[in-house]
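1. What would the 3D arrangement of this be:
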Amino acid sequence: MKNKVENIKPGTFNAEDHWYPKALNATIHPMVNFFLNLSKERIINRYCHLHPLVKRETMEEILNYECKYFLWGGADLINATSANGNRQMVVIENNSCPSGQKSMPLLDDNQEEGSYKLLVERTFKPLLKPKQGSAKIEGKLAVIYDKNHMETSGYAAVIADVMQEEVILCEFYSDEKNEHIFFENGLLHIIHEGVKTPIRAAFRYVTQKPWTRIPLHCKTKILNPIIACLAGGRNKMVAAKAYDIYNAELNGTGLQINIPETIWDVSKEEIPLWVRKMGGLAVVKIPYSNAGQGVYTIVNEQELDAFMALEFTYKRFIVQSLIGNFNWSSDTGKGKYYHVGMIPNAKGETFVNDIRLMVSSTKNGIRPLCVYSRRTATPLSEKITNGSDSWEMLGTNLSVKLGKDDWASETNRLMLMDRRDFNKLGLGLDDLIEAYIQTVISTIAIDKMCKTLMGSKGRFKNRLFKSLNNDETLLAEIMQ
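-> Next up, the predicted model:
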């Protein structure tokens, strides 16, 4: 049983503790390895060659972008096709504090800390450098988390190795007193073995409503800061608006963030109207949930009735058009997306899958770190619209909530980027590049929203945020 607070010393990284067993001994697929080692110049050349309307200057600007707030993210994408056969990567969401390291085979067997170390060296270590003119903060380094001990302990061990100092690994769950961890005058403190220790910087994997425990304005440097969550990294409502605003900025460049049709600021009472307008096929989301929680696929009246019978704390929802299957409806109109899915298995069954692509901001732009895929529990079927559980055919998230703060993962549905699994996904090199570009521009959209909400003086614009996300329950939760 793990302790609430652990001291992680340099030289204690043990690979077996920080990867899923099936990933630990997997061999990376050569195409994925090649993709992750492509230079920006080659990616730009290839993308502009395939998309003649995209200007090279635009691509250079995007791939050289340095984030100010949203420094580390992971987009969930669906490989989709339109009615006329055009293939596209569609962004479902982009997450702050994304998981993925434990699912990624090593690119180089001689680099045993894998992309854990890449993220720490590229993004976390540079964050620790004091800004010119700012006072130096004394204290230790920490990793704080509310799930995923496998990865968070890995980050703590790698930070200890890179920085050559002891790192505190600390639980920080919701709905607990958390007397061992707290903020005092904007500075994070952790109590361990009776000693109150100030924290100068923290690597954060606090995912469940983190704004209820971590203030917007901190003296402790935090990766990612809470504004990254509120501006889209853990807020699907504001993310949808950030994507829409950035797409308007990208208009005429040949680039756009591909997203399903999205209706935001929807009250619960309005949901049946929007679902019917979308032909009875829709996804309803609680904007502030994650790990597959608070997402409801609706493909028939029974599922709509079941949703409407539920009680919710939050007052506002988003409704999106469902990425579906040609066989479900005769309506194959413009703008609709359909699942490409995995290569059919020996039984002729096609499973829906998504792609998680993790990136981080560096001095050389937003760079890829790792990638994996997840498939659904059951294959696509025309029976989906007449009473079957649509989530079983469409939901890809591996996380399963066992209790208030207990989670498990259905790793049998994990698809690695190794020699065995990758071929089943039906992806090519250009698909991986497209997934990367979509991840980058969706990350930029959220970072730009962060800048807008924080302003030039770095103070949170309450009124502007309320106009974008007027949910009184959420507003009451945010720590200033």
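
2. Could you point out which residue ranges in this structure have low pLDDT?
-> Filtered on pLDDT under 70, the chain yields the residue ranges 1-3, 132-133, 175-176, 290-292, 326-335, 383-388, 399-408.

3. Nearest to the spatial middle of it, which residue is it?
-> In the chain, the residue lying closest to the centroid (CA atoms, centre = their mean) is Asn95, at 2.2 Å.

4. Would you mind confirming that that one is in contact with Lys236?
-> No - applying CB atoms under 8 Å as the test, Asn95 and Lys236 come out as separate, 10.1 Å apart. All C-beta spots, glycine's among them, are computed from the backbone N, C-alpha and C.

5. And the next helix or strand past the helix or strand hosting Ser115?
-> Secondary structure from DSSP states H and E places Ser115 in helix 114-119. Elements were assigned by DSSP H and E; along the chain past helix 114-119, the next helix or strand is helix 125-127.

6. who are the neighbours in contact with the residue nearest to the centre of the chain?
-> 73-76, 233-234, 290 (CB atoms under 8 Å, 6 or more residues apart in numbering).

7. before we move on, what about Ser390?
-> By CB under 8 Å, 6+ apart, the neighbours of Ser390 are 297-300, 303, 384.

8. who wins for most neighbours among those?
-> Tallying neighbours with other CB atoms under 10 Å puts Val299 at the head of the contacts of Ser390, with 27 neighbours.

9. still on that earlier bit, out of the contacts of Ser390, which one sits closest to Asp418?
-> Checking the contacts of Ser390 against Asp418 by CB to CB gives Thr297 as the nearest, at 29.1 Å.

10. Let's verify the closest one: helix, strand, or coil?
-> The three-state label given to Thr297 by DSSP: H, G, I helix; E, B strand; the rest coil is strand.

11. which residue sits closest to it, ignoring its sequence neighbours?
-> Ser390 (4.4 Å; CB to CB, 6 or more residues apart in numbering).

12. Could you check how far the one you found is from Lys347?
-> According to CB to CB, to the nearest Å, Ser390 and Lys347 sit 20 Å apart.

13. Would you mark the buried spots in the longest helix anywhere in the chain?
-> In the chain, with assignment by DSSP state H, the single longest helix is helix 429-454. Using 16 or more other CB atoms under 10 Å as the test for burial, helix 429-454 gives 431-451, 453-454.

14. Next SSE downstream of that helix?
-> Next in sequence after helix 429-454, counting helices and strands by DSSP H and E, comes helix 462-468.

15. So for that following helix, what gets flagged as buried?
-> Buried residues in helix 462-468, counted by 16+ other CB under 10 Å: 465, 468.

16. Surely Val319 is within a strand?
-> Yes - membership of Val319 in a strand is supported by three-state DSSP.

17. For it, which residues are in contact?
-> By CB under 8 Å, 6+ apart, the neighbours of Val319 are 262-263, 266, 271, 274-275, 278, 282-285.

18. next one: Lys9
-> Under the contact definition (CB under 8 Å, 6+ apart), the residues listed for Lys9 are 160, 166.

19. how close does it get to Ile271?
-> Distance from Lys9 to Ile271, by CB to CB: 52 Å.

20. and if you look at Pro344?
-> Distance from Pro344 to Ile271, by CB to CB: 34 Å.

21. So these two - more neighbours on which side?
-> A direct count of neighbours by other CB under 10 Å for Pro344 and Ile271 places Ile271 higher, at 21 against 14.

22. close enough to count as contact, that one and Phe307?
-> Yes - applying CB under 8 Å, one finds Ile271 in contact with Phe307, separated by 7.3 Å.

23. list residues touching both of these two?
-> Val284.

24. ok, now which ones touch Lys40?
-> 60, 63-64, 364-365.

25. List buried residues within these.
-> In terms of neighbour count (16+ other CB under 10 Å), the buried residues within these are 63, 365.

26. Just name the closest of the contacts of Lys40 to Val206, please.
-> Nearest to Val206 among those: Gly365, at 26.7 Å, using CB to CB.

27. So what sits opposite that closest one in the bridge?
-> Thr362 (DSSP bridges).

28. tell me the contacts of it?
-> 40, 63-66.

29. In JSON lines: the residues you listed, plus secondary structure.
-> Converted to JSON lines, the contacts of Gly365 look like this (three-state DSSP):
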{"residue": "Lys40", "secondary structure": "helix"}
{"residue": "Leu63", "secondary structure": "helix"}
{"residue": "Asn64", "secondary structure": "coil"}
{"residue": "Tyr65", "secondary structure": "coil"}
{"residue": "Glu66", "secondary structure": "coil"}
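
30. ok, now which residue in this structure is the farthest from the centroid?
-> Gly194 (35.7 Å).

31. measure that residue to Leu304 for me?
-> 55 Å.

32. Measure how buried Ser360 is and give me the count.
-> Applying other CB under 10 Å, I find that Ser360 has 24 neighbouring residues.

33. Contacts only, for it.
-> Neighbours of Ser360 in contact, by CB under 8 Å, 6+ apart: 71-73, 118-119, 122-123, 366-367, 369.

34. Repeat that for Gly324.
-> 281, 336-339.

35. next one: Pro260
-> 90, 92, 283, 320-323, 337.

36. May I ask which of these has the most neighbours?
-> Highest neighbour count within the contacts of Pro260: Leu322, with 26 neighbours (other CB under 10 Å).

37. Phi, psi for it please.
-> In terms of degrees, to the nearest 10, the main-chain angles of Leu322 are phi -80, psi 130.

38. The nearest residue in space to it that is not next to it in sequence and Ile298, how far apart?
-> Spatial nearest neighbour of Leu322, chain neighbours left out: Leu281 (4.1 Å); criterion: CB to CB, 6+ apart. Distance, Leu281 to Ile298, using CB to CB: 7 Å.

39. Next: Ala83.
-> Ala83 sits at a distance of 21 Å from Ile298 (criterion: CB to CB).

40. same deal with Leu414?
-> 26 Å.
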